[in-house]
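whatever this is, show me its structure:
(chains A and B)
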Amino acid sequence: MMDQPSHAFTKTSILPKPVAPSGPLAQYIHCLRASFGHSLTLMLRRQRIIFAAVITFLPVVIPLAIAFLSDSQFAHSGMDVFSKMAGEAHINTLAPLLALFFATMIIGEDVESRTIPLMLTRPMPRSAWVFGRFGAYLMVSTAILGTSMLLTFGASTALSDLAFDRDGFEKLFTYELAMLLALMANGALALFLGAVTKRPIIIGLIFLYGWQRLATFVPGVVDFLTIMKYTTEMLPVALESTNQVVREEILEFKKQQYLVGASKAAITLLGITAVLLGGSVVVVRIREYATDRAAGT
Amino acid sequence: MSTIISAKNVSKWFGEVVALNDLNVEIETGVTGLLGANGAGKSTFIKLALGLYRPSRGSVTVFGESPRNNAAVLRRIGYCPELDTFYDNMTGYEYVYWLSRYWGMSAKHAQVAAEQACDRVGMTERMDDPIEEYSKGMRQRIKIAQALSTDPDLLFLDEPMAGLDPQGREEMFSLIRELGDNGYSVVVSSHILYEVERVTDNVVLLFQGSIMAHGKVREIRSLIDAHPHTIHVDCSAPRILATHFVQDESVLHLDFEGESRLVIRTKDPNACYARINAAALEPDVEVTRIHCADDSLQAVFDYLVK
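Next up, the predicted model:
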């Protein structure tokens, strides 16, 4: 169709003809890299990244404070403290927060700054645009949160029962992996909300901190409709008692409580991420984003 | 000339608000002015042609294909939006550079394209400054630069003269004419008819979501012959001159402006001119100037929409 004579042009370019990538794959990769690089540049220049970093690094001081100020039984185990901090703070509180900070703006920022028409009139695959930006979010949030978790681990070694040894690193790796999956799933949700709603942060806050917390108190399987259910399932069971009998009883109790294993939870989180990313791409293709939808403007 | 944009029975509504109503138009290569008052549907039409909107009814094709999510079509299009559409904390050069990258250029090519596009719109000296520090005219120019950087075949300029100072407007007129002379197709929207008249005589007039007229300005004028024309006659004795028209049924209205001007509103301008010529031969009436306001596009527009 493009080569039909009726649409042929005899144009004398006033600027050099741009070089288009050869082939759809090259085009896709170019656009993916452009989206990633652009989004990364924007994120790193934003002041909110400082704010996010400050909040994210707060858990690092807690093990140190416990080590010096507390003499409770809990404070004796660095593993317990780290597990608590990594699970509750990093994975189930800060990961959703970073998702709200950055991922809601992956598309929402273009809507807000009215640049979305420019994006959508570029000859790029919409998925490349979405995935590139999601990749930038994942890189920034993982760098911040992962570093914070690593430092928290280091700070927890000030307590007993945790050290920079093989066991310690295995534990750390497990938590870092769970954190990555939490960032992916929460980020994909935040991205999706940014694509479909005008107030993604408010709705995200309600879901991630309202509904998810509430669902854990509701009997039955309602908590299956949360991301937190699966991120928590990824974590090694934290045993806060030093009494062997009590530890085994807690372990047995938790096994009965949690119906999803770590591997299934990981697959579920990846599935949630894939579905929400795919949904976001579909929404971007279908939805009419415009800054001025009033008639005649 | 060949058709590049074709709209067939296109309607677009947002809820209960009708933005475009059963639009049929074919826009050919060259520079085309999209004219209409605020709310006429100009931007909606452009967004349909860019594929940002889906028609509620009918179809829009650009280069023979639907533009929506169509990379092959979008690759040939440049768009300069009416509103300021910038990212925070970004220089003019970076703005053009990243948008070139999104087009699919490599980093190296995008650098060159951005520099040359900035140079083309006279922004080389300021291209490394933050956009927040730009004047309205500079912002407009950098938006044009991003649209030009990919060397599109078809360029949509939505109210490109908005906010420009007189010199900036002249530069913009010159640039659009140059683009047209070099074979680019440009669709320029404006609600100020003088602006469009400076760059093309090929216009599409929109009014309340419908095409009011389409074609050359003079062709459009011929369409409105049935509409009353207003003719201003400056003469020494306008009241005596007026007596020649009081019995003329084609004359709808006579008015006097000051002591030396007669304003005639007529359905038959040719007959009116003949009568003025005849009256001018009389010794008491010395005609110094005859002016028909309908020569300007503004008048055409006014006639059509009123």
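
tell me if I'm right that B:Thr44 and B:Leu20 touch.
Yes. Using C-beta atoms under 8 Å, B:Thr44 makes contact with B:Leu20 at a distance of 5.5 Å. Bear in mind the C-beta positions are built from the backbone N, C-alpha and C, glycine included.

now do the shared contacts for those two.
B:12, B:209 (C-beta atoms under 8 Å, 6 or more residues apart in numbering or on different chains).

stretch B:34-42 and chain A, any residue contact?
Yes. Contact of stretch B:34-42 with chain A (C-beta under 8 Å from any C-beta of the partner chain) involves B:36, B:38-42.

now stretch B:16-25, how far from the centre of its chain.
Stretch B:16-25 sits 19 Å away from the centroid of its parent chain (C-alpha atoms, centre = their mean, to the nearest Å).

touching chain A at all, it?
Yes. Against chain A, stretch B:16-25 shows contacts by C-beta under 8 Å from any C-beta at B:17-19.

again with stretch B:200-212
Yes. Judged by C-beta under 8 Å from any C-beta, stretch B:200-212 comes into contact with chain A at B:208-209.

show me which residues of that stretch are buried.
B:200, B:202-212 (16 or more other C-beta atoms under 10 Å in any protein chain shown).

what's the closest of these to chain A?
B:Gly209 (6.4 Å; C-beta to the nearest C-beta).

I figured that closest one hits B:Ala37, correct?
No. Contact criterion C-beta under 8 Å: B:Gly209 and B:Ala37 do not qualify, at 11.4 Å.

how about B:Ser106, phi and psi?
phi -70, psi 170 (degrees, to the nearest 10).

that one and A:Ser22, how far apart?
Distance from B:Ser106 to A:Ser22, counting by C-beta to C-beta, to the nearest Å: 11 Å.

which of the two has more neighbours?
Remark: of B:Ser106 and A:Ser22, B:Ser106 carries more neighbours, 17 against 8, as counted by other C-beta atoms under 10 Å in any protein chain shown.

the more buried one against A:Val19, yeah?
Yes. Between B:Ser106 and A:Val19 there is a contact at 7.3 Å, judged by C-beta under 8 Å.

name the element the closest residue to B:Asp158 other than its chain neighbours belongs to?
Closest residue in space to B:Asp158, ignoring its immediate chain neighbours: B:Glu82 at 4.0 Å, by C-beta to C-beta, 6 or more residues apart in numbering or on different chains. Using DSSP states H and E, B:Glu82 falls within no helix or strand.

any weak-confidence spans in the chain?
In the absence of a named chain, chain A is used. For chain A, the stretches with pLDDT under 70 are A:1-9, A:70-76, A:220, A:237-244, A:246-260, A:290-297.

oops, chain B please
B:1, B:218, B:221-227, B:293-306.

point to the residue nearest the middle of it.
B:Gly33 (3.4 Å; C-alpha atoms, centre = their mean).

beta partners of that one?
B:Gly33 has these beta-bridge partners by DSSP bridges: B:Val188, B:Val203.

circling back: let me see the contact set for the residue nearest to B:Asp158.
Contacts of B:Glu82 (C-beta under 8 Å, 6+ apart): B:43, B:158-159, B:162, B:189.

of the residues of stretch B:16-25 next to chain A, grab the buried ones for ChimeraX.
Entered in ChimeraX, the line below selects the buried ones among the residues of stretch B:16-25 next to chain A, by 16+ other C-beta under 10 Å:
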select /B:18,19
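
JSON lines for the residues of stretch B:16-25 next to chain A, including distance to A:Ala274?
Below are these laid out as JSON lines (distance: C-beta to C-beta, whole Å):
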{"residue": "B:Val17", "distance to A:Ala274": "38"}
{"residue": "B:Val18", "distance to A:Ala274": "40"}
{"residue": "B:Ala19", "distance to A:Ala274": "37"}
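
next one: the helix or strand A:Ala185 falls within to chain centre, how far?
Here A:Ala185, judged by DSSP H and E, is contained in helix A:166-196. With C-alpha atoms, centre = their mean as the basis, helix A:166-196 stands 6 Å off its chain's centre.

now stretch A:266-278
11 Å.

report whether that stretch contacts chain B.
No. Using C-beta under 8 Å from any C-beta, stretch A:266-278 stays clear of chain B, coming no nearer than 15.7 Å.

buried set for that stretch?
Buried residues in stretch A:266-278 (16+ other C-beta under 10 Å): A:266, A:268-269, A:272-273, A:276-277.

next one: phi and psi at A:Met234?
Dihedral angles for A:Met234 - degrees, to the nearest 10 - are phi -70, psi -20.

how about it, nearest residue that isn't a chain neighbour?
A:Ala178 (3.8 Å).

next, the contact list for the one you found, please.
A:Ala178 neighbours (C-beta under 8 Å, 6+ apart): A:86, A:91, A:231, A:234-235.

put the buried members of those residues into a ChimeraX selection.
ChimeraX command restricting the contacts of A:Ala178 to the buried ones, with burial defined by 16+ other C-beta under 10 Å:
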select /A:86,91,231,234,235
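
now, the contacts of A:Ala178 that are in strands?
Within the contacts of A:Ala178, no residue falls in strands by DSSP state E.

now, which of the contacts of A:Ala178 sits nearest chain B?
The closest of the contacts of A:Ala178, once distances to chain B are taken by C-beta to the nearest C-beta, is A:Ile91, at 30.7 Å.

chain neighbours aside, what residue packs nearest to the closest one?
A:Ala182 is the one closest to A:Ile91 (C-beta to C-beta, 6+ apart), at 4.7 Å.

same deal with B:Asn38?
Per C-beta to C-beta, 6+ apart, closest to B:Asn38 is B:His191, 5.7 Å.

A:Ala34 now?
B:Arg101 is the one closest to A:Ala34 (C-beta to C-beta, 6+ apart), at 3.6 Å.

got the phi and psi for the one you found?
Backbone phi and psi, for B:Arg101 under degrees, to the nearest 10, turn out to be phi -60, psi -40.

show the contacting residues for it.
A:30, A:33-34, A:37-38, B:107, B:110.

and A:Val245, which of the three is it?
Classification of A:Val245 using DSSP: H, G, I helix; E, B strand; the rest coil returns helix.

what is the neighbour count of it?
8.

quickly note the distance from the residue nearest to A:Ala190 when sequence neighbours are not counted to chain B.
Using C-beta to C-beta, 6+ apart and skipping residues adjacent in sequence, the residue nearest A:Ala190 is A:Ala103, 3.6 Å away. Here A:Ala103 is placed at a distance of 17 Å from chain B (C-beta to the nearest C-beta, to the nearest Å).
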